[in-house]
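[1] Pasting the sequence and the predicted coordinates here, then a few questions.
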Amino acid sequence: DLGNVLVNYDGKATLTALSELVGISLEAIIAHYQTVEHAFGTGQLSGRGYYELLDQAFGLSAGYDRFVTVVCRYQERHEAALAFARDLQAQANVVVGIISNTNEVHAGWLHANLPELRLFPSVILSNEVGLLKPDPAIFDLALNQLGISPENALFVDDLAENVAGGTAVGLTGYLHKEWSLTRPFINNWLQT
């Protein structure tokens, strides 16, 4: 996973900032977002499309570029986690893949700010493939791109439902809480 694993992300702060930009309550922005979340996450709704829906529903005085800045404000690189992923990829007989539920706006930020993505043989962003975790098809796609079988794969995510999706297709799953626990778990799993 990327969000809250390799990239720090605060979804509530993002929605709060978006509610302030639009000039509506946090509850109203959450309710509106829930109506478009699936389409936005699977790429059926573009970033500009979401911006236009917000404008139609509530009126926006800010331009699209300001909207993008606000939506991406609470994403940042997790340097130690990214370094660990790079080190893993450099090991013999280890391949690192990424699966992330995201959207076109966040994906633009990820591509611009994470050159490491080019190092990994499989980077699956939900909005680019039309699938969201925990759909089994997204895990099958990753396994196919990596050329490995489920029993030889470890999936790390910060959301229990996504970990359950991975384990449902035969991957070993690990619920990430903090790197002081996740890193040794990964290292021990690689030794088995």
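    Thanks, I have the structure now.
[2] Name the residues of the longest helix along the chain that come out as buried.
    Among the segments of the chain that qualify as a helix by DSSP state H, the longest is helix 26-41. For helix 26-41, burial by neighbour count (16 or more other C-beta atoms under 10 Å) applies to 29-30, 32-33, 36-37, 39-41. No exception for glycine: its C-beta is placed from N, CA and C like everyone else's.
[3] now swap in stretch 132-141 and tell me
    Along stretch 132-141, the positions that meet the burial threshold by neighbour count (16+ other C-beta under 10 Å) are 132-135, 138-139, 141.
[4] Tell me the one of those residues nearest residue 93?
    The nearest member of the buried residues of stretch 132-141 to residue 93, counting by C-beta to C-beta, is residue 139 at 20.7 Å.
[5] From the chain's centroid, how far away is the strand or helix carrying the closest one?
    Here residue 139 is covered by helix 136-146, with elements defined by DSSP states H and E. Centroid displacement of helix 136-146 relative to its chain, using C-alpha atoms, centre = their mean, to the nearest Å, is 15 Å.
[6] Am I right that residue 157 is in contact with residue 167?
    No - using C-beta atoms under 8 Å, residue 157 makes no contact with residue 167, being 10.5 Å away.
[7] What's the first helix or strand after the helix holding residue 139?
    strand 154-157.
[8] After that next one, which helix or strand is next? Please name it.
    Per DSSP H and E, the first helix or strand lying C-terminal to strand 154-157 is helix 160-168.
[9] Mind listing what's buried along that next one?
    Applying a neighbour-count criterion of 16+ other C-beta under 10 Å, one finds 162-163, 165-167 buried in helix 160-168.
[10] Now for residue 174: which residues touch it?
    Remark: with contacts taken as C-beta atoms under 8 Å, 6 or more residues apart in numbering, residue 174 is in contact with 154-157, 163, 182, 185-186, 189.
[11] Tell me if I am right that it is in a strand.
    Yes - assignment of residue 174 by DSSP: H, G, I helix; E, B strand; the rest coil places it within a strand.
[12] Stretch 38-45: end-to-end distance?
    With C-alpha to C-alpha, to the nearest Å as the measure, the first residue of stretch 38-45 is 9 Å from its last.
[13] bridging residues for the residue nearest to the spatial centre of the chain?
    Using C-alpha atoms, centre = their mean, the residue of the chain that lies closest to the mean C-alpha position is residue 100, 3.2 Å off. Judged by DSSP bridges, the bridge partners of residue 100 are residue 125.
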